[in-house]
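Colleague: can't give you the sequence, but here's the structure:
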């Protein structure tokens, strides 16, 4: 099923429909500021299990998740003054920052080292969903494992529709994956180059 939502002014009634499905453990595709993501409620075990199955992901390699804003991040990650300054400068934006997890984060979404990847995308639909949900949304690229990301919501529906409960259509997303940067121990380490510029890193 495809649900079109205005990318500039997401309709609250439609956002509520999406969130209602997420709370039931359903799996969605949705737009971000880079590419389309697959997502579920981080606290719904049914949804998290489904997303691991679809992506054929090693459980030891957890997914990142989307927070609504920087104040929300502190509930799920240990944010030092150093990390906060960097994140405030670059978020919302096409970055995933790796930080130490707090105890509230489900074990299925942390590494053995108890770290998490956190995004705040510059995308009105994604942020509206997270705000309405009231807590983070799992995020991973919308594609079959081993293949490139899909940029067109109708193509996502054609290729993956039988595995998903809903495709949120916010128009084409032709960006690259997010840039992943670790801020563990106040050390900057680029783990993956993507859509986020890294020229600011010494």
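Modeller: Sure thing, it's come through. Owing to the predicted nature of the structure, the values given are computational and were not obtained by experimental measurement.
Colleague: Quick one: residues contacting residue 34.
Modeller: 94, 121, 173, 175-178, 194-195 (CB atoms under 8 Å, 6 or more residues apart in numbering). Just so you know, the C-beta spots here come from the backbone N, C-alpha and C atoms, and that holds for glycine as well.
Colleague: let's go with 10 Å and repeat that
Modeller: 93-96, 119, 121-123, 139, 141, 149, 173-179, 194-196 (CB atoms under 10 Å, 6 or more residues apart in numbering).
Colleague: element containing it?
Modeller: Assigned by DSSP states H and E, residue 34 belongs to no helix or strand.
Colleague: That one: what's its closest spatial neighbour, skipping adjacent residues?
Modeller: Nearest residue to residue 34, sequence neighbours excluded (CB to CB, 6 or more residues apart in numbering): residue 175, at 3.9 Å.
Colleague: was I right about that neighbour contacting residue 32?
Modeller: Yes - between residue 175 and residue 32 there is a contact at 8.1 Å, judged by CB atoms under 10 Å.
Colleague: Strands of the chain, residue ranges please.
Modeller: Along the chain, the segments classed as strands by DSSP state E run 2-4, 28-31, 36-39, 64-66, 77-78, 95-101, 115-119, 137-141, 166-169, 179-182, 189-192.
Colleague: So which of the ones you listed is nearest residue 17?
Modeller: strand 2-4 (6.9 Å; CB to CB).
Colleague: The residue nearest to residue 34 - how many residues pack around it?
Modeller: 18 (other CB atoms under 10 Å).
Colleague: ok, now the one 3 residues further on?
Modeller: By the other CB under 10 Å criterion, the neighbourhood of residue 178 contains 26 residues.
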